[in-house]
Each structure stands twice: as structure tokens, then as C-alpha cells.
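Below are the sequence and a predicted model for it; my questions follow.
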Amino acid sequence: MRFKKSCLLAIVSILIIFIAACASIDGSGTEGSGGNTTTTAQGSSTTSSTIDPGTTTSSSTTTTSSTTSSTTTTIFPIYVSTAGNDSNSGSPAAPLKTISKALTMIDSSHDNIYLSSGAYNELVAITASVPVTIKGGFNGSWERDNTSDKSTIGGVLNATTSTTGRITVAAGSKLMLENLYIKGSIYNSYAYGIYNSGDLTIDNCDISALDGMAASSAYGVYNNGSASTLSFLSGTIVGASGTVTVVDAYGIKNYGTLLVVDGSITGCSNNITITTAAYGIDSVKTATIRGGVITGAKNSNSIKKSQGIYISAFSTLSIFGGTIVGGDNITITTDGYGILGSGTDNTVSIFGGAIVGVNNSTASSVYGFSNSSNAALMTGGTIVGANNSTATAYCYGIDNGAIIDIFGGTIGGAAGSSSITTRVCGVQGGTGTTSTISNCEIYGKETATSGTALALRRSAGTTSSKFYKDTSKGGATIQDERGTGANLWESFSWN
């Protein structure tokens, strides 16, 4: 009897312990307010995240039923103010004074740097192994009233090497910039806003390599090396501006992978004199354009040559939207190009957007798209050589020097009240070229344009310039003068 009673007491004790354990496990997944908690069966895991944009970027907890382990990583921004002190902790109440000091504190729990409004005269070098974000435009309460609030990184301090910009991103590093004015630095007559060899994202920033200063070449952003990546989400990038003379100016020089989502990219603007060429984008590798406005030169008096986008050998260019202009409200002493493709083994694909050689400008010859030694495809968008402009020699919507398939979109030689002295043409085919056309509109000029126009033209003396029509994709409207005369879709001498 005593044995049975002892056994009964032991069983009751075990049941009490078991019930208490179950209650403990049931409550183990609960965090403070703001977290999301899920309790799972044995061997599975639970993740809970809390985000506080002021101080905490992320917090995570992992729990399993069989073994319990909790790891929480809280990421705190580092605060920098022009009124701060580099001996401070970098907290909101005790900010640092320099970005350079803040970068020495970057680690897995501190990867955001917040800048108060003001100017920081520094050269900023990004070498961290963890992603870094620099956000500007905060007021004294560490808030931003709107997206126009920005901090300035610039000043008279010049670069120390030919591969140093105002901001320099090392290979293997990752940087995101938000709400900043960035003014370039100069080394041996070369000016760079940003010199990037890593992974760079730019959002709502205004960048100028050269603003009223003297230099030979100016680069808003130099994307260096095949492994470098540049994503431009919004803002403005300018190679050079102000009343100065420059040999050449680039909004972006791209040797890596480039994505443009929105914003404005300009080679030079505002009374600049260019003795060689201005480029909105000069791309030697891979570029994708989804939006924004890209201009070679604008509001300037004397530009030798101006190109919205220039691509060279072994490059790929894909255009889905946006506006690309060779020159806008400028005087070009030689030629203006919306897009100039040069070299071999290039691929250009145009799915949308608007491409203009020159707008409200004067030049010798103008080209919406000069396709030299490239394979090109156009399925949508608009290409015009000149709009409300003057060309003292030639004007082409497309000057094809290789192979192009035009399966959609609109192509015009000259539009608006343009004046073309020698020749205006929608699409010209050169020696040894092939142009396949369907389901599009091609015209030489609009009614208000002066000059002799052809919608399609084989260059003089060329017997090997071939034009094919592809009826499988639909007919095309082809007119020497837009809106008047016969449609040449049936009567043109096709190959």
C-alpha cells in the first residue's frame, strides 16, 4: 500500500513538471510589441523582426523546439553633424564631426551613417566589408522634412590619386547614397564626383564633378572595371558645369554594369566650352536604361561633339524608356548624336523611350542613332535626328552601318521647324548593311521642316545596302514627308 502511494505521488509530480514545461514552451516565442512570432514543430525555426528607422534597422530571434538559441542583431546608425566631435560616441545626442571617423566605426551592427544638413569637406573612401548606407539631409532632431533636404559632401580638398573621387568605393565594397549633394575633386586635371570599383546605388542625390573649376576631363560618376555595378535611381549627375573650358565631359563613364531608373544625367551644361566631346553616358560594357533624361550637352555655347549615349566595342545597351538627347539648346561645331554606336560586337535593343539627335540646337550633321558595326533591334519608342534645330549638312533618324531590325516604333529624320541644308533622311543604309522593316512608321521630315527628304535611302554609290520588308509582323507607314504623299511600303525598291 505504501509502495502504491509512493508511485502515485511520483506520477503526479511528473505530470506537474510536464504541464509547467509545456506552458514555458508555449510562451517562449513571445517578444515585445512590434515583433512577429511563430511557434513551430520540432526542428523548425521562428524568425521575428522589428524595424525602427530611428535607431534599429533589424532584430531577429531564432527558436527551435528541441534546442533553444536566441540571437539578436540590432543595427544602430552612426550620427554625424557639422557641429559634432570625433571624440563623441556617434549617438543622436553625441554625433561625430566627420564621415571619415564614422566609417572607422562601421561593422555588422553599425552600417548606416546619418548626416545632418551642412557641408562636409572630406574625401570619403569606402572600403568596408559590410554594406554601407550614407543618408543626408537630417535636421537637428534627426528628421527629414522632405526629399529636398540634403547634406553636401564637397569643398576645396582635392583628390590624392588618379583613381580618387570625392567618394571612392573600393572593389568588393557596397555603398548606397541618399539625399546628398556631391561635388567632385580634382587630381592632375581630372575631376571625379564618384569613383566606383564596387557596388554603388544612388537615390535622390545631385552630383557634379566640376562646377566652375578648371580641369581637362570631368566625370560625374566613373564606374570602373567589369565587376563594378552602378544603379542610378533618381537625382542628377553632371560631368561639368559653369563658365569653363574642358576637353571632354561625362555624366557617367561606365566600364561595368549600369542601370538607370530615373533622374537626369548630363555630360555638361551652362556655358561650358568643350574642345573634344560631351557624353551623357559613355558605356564600354553593359547599360540598361529604364527612364530618366540623358543628355550629352545642354545650355552651352561651343561644343565640338555631343552624344547622349556612346557605346564602343563589346558593349550591350538596352533601352526600355526615358529620353536620350545628344544636344539640347546648344551650338555644336561638328556633329550631334542621340546614340552613337562604334566598334564591333555591340548589341543595341530599343524597346521604348525617345531618342533625339539635337533639340533646339545648331550642328553640322545630326543623328538620332548612328549604328556602326553593331547588331540593333527596335520594337518601340521614337527616334528623331533633329527637332526644331538646324543642320548645315546632314540629318538622319537612323544611319545604319551594320544590321538593324525595325519591328516597331517611329523614326523620323527631322521634326518641328527644323532646317536641314543638304539632306534629311529617316533611315539610311550604308555599304554592306541590312535593314529589315515592318510594323512601324518612318518619315523623312515633318511639314514644317525645310530641306529635301527621303524616308529610306541607300547611300550614294552603294549597291550592297539592302532593305527588306517583313510582312509577317504587319505593314508600315513610310513617307518622305510625314502625313503627305504616298505610303512607300508597297512602292519602295525592296531587296
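Right, received. Where do you want to start?

Identify the residues contacting the residue nearest to residue 421 when sequence neighbours are not counted.
Counting by Cβ to Cβ, 6 or more residues apart in numbering, residue 421 lies nearest to residue 392, which is 5.0 Å off, once chain neighbours are set aside. Just so you know, the C-beta spots here come from the backbone N, C-alpha and C atoms, and that holds for glycine as well. Applying Cβ atoms under 8 Å, 6 or more residues apart in numbering to residue 392 gives the contacts 362, 363, 364, 421, 422.

cool, residue 354 as well?
Applying Cβ under 8 Å, 6+ apart, we find residue 354 in contact with 322, 323, 324, 381, 382, 383, 384.

Equivalent analysis for residue 483, please.
Residue 483 touches 446, 447, counting by Cβ under 8 Å, 6+ apart.

next one: residue 324
Here residue 324 is in contact with 280, 289, 293-295, 308-309, 338-339, 353-356 (criterion: Cβ under 8 Å, 6+ apart).

cool, residue 262 as well?
Taking Cβ under 8 Å, 6+ apart, one finds 233, 234, 290, 291, 292 in contact with residue 262.

Now for the residues you listed: which two are most distant?
Farthest pair in these (Cβ to Cβ) is 234 and 290. Separation: 11.8 Å.

Return every residue with contacts to both of those two.
The contact lists of residue 234 and residue 290 share 261, 262, where a contact means Cβ under 8 Å, 6+ apart.

surely residue 465 meets residue 433?
Yes. When contacts are counted by Cβ atoms under 8 Å, residue 465 is listed as touching residue 433 (5.3 Å).

Residue 179 contacts residue 233, correct?
No. Contact between residue 179 and residue 233 fails when scored by Cβ under 8 Å: they sit 11.9 Å apart.

Which one of those two is surrounded by more residues?
A side-by-side neighbour count of residue 179 and residue 233, using other Cβ atoms under 10 Å, places residue 179 first with 23 against 19.

Pass me the low-pLDDT residue ranges in the stretch 301-450 of the chain, would you?
373 (pLDDT under 70).

List the contacts of residue 426.
396-398, 411-413, 442-444, 453-456, 478.

and residue 242, how far is that from residue 214?
Relative to residue 214, residue 242 is positioned 10 Å away (Cβ to Cβ, to the nearest Å).

er, residue 491 actually
58 Å.

Those two: who's more crowded?
residue 214 (12 against 9).

from memory the more buried one sits against residue 244, does it?
Yes. The pair residue 214 and residue 244 qualifies as a contact (Cβ under 8 Å) at a distance of 5.9 Å.

Off-centre distance for the helix or strand hosting residue 279?
Element membership for residue 279 (DSSP states H and E) is strand 273-283. How far strand 273-283 lies from its chain's middle: 17 Å, per Cα atoms, centre = their mean, to the nearest Å.

Give me the mean pLDDT for it.
Here strand 273-283 scores 95 as its mean pLDDT.

Counting by contacts, list what that strand packs against.
strand 245-254, strand 257-260, strand 264-269, strand 293-303, strand 306-311, strand 323-332 (3 or more Cβ pairs under 8 Å, 6 or more residues apart in numbering; DSSP states H and E).

Would you give the sheet partners of it, along with the direction of each?
strand 245-254 (parallel), strand 293-303 (parallel), strand 306-311 (parallel) (DSSP bridges).

okay if I get the ones you listed as a markdown table plus distance to residue 346 and mean neighbour count?
Listed next are the strands paired with strand 273-283 as a markdown table, based on distance: least, Cβ to Cβ, whole Å; neighbours: other Cβ atoms under 10 Å:
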| stretch | distance to residue 346 | mean neighbour count |
| --- | --- | --- |
| strand 245-254 | 14 | 26 |
| strand 293-303 | 18 | 26 |
| strand 306-311 | 6 | 32 |
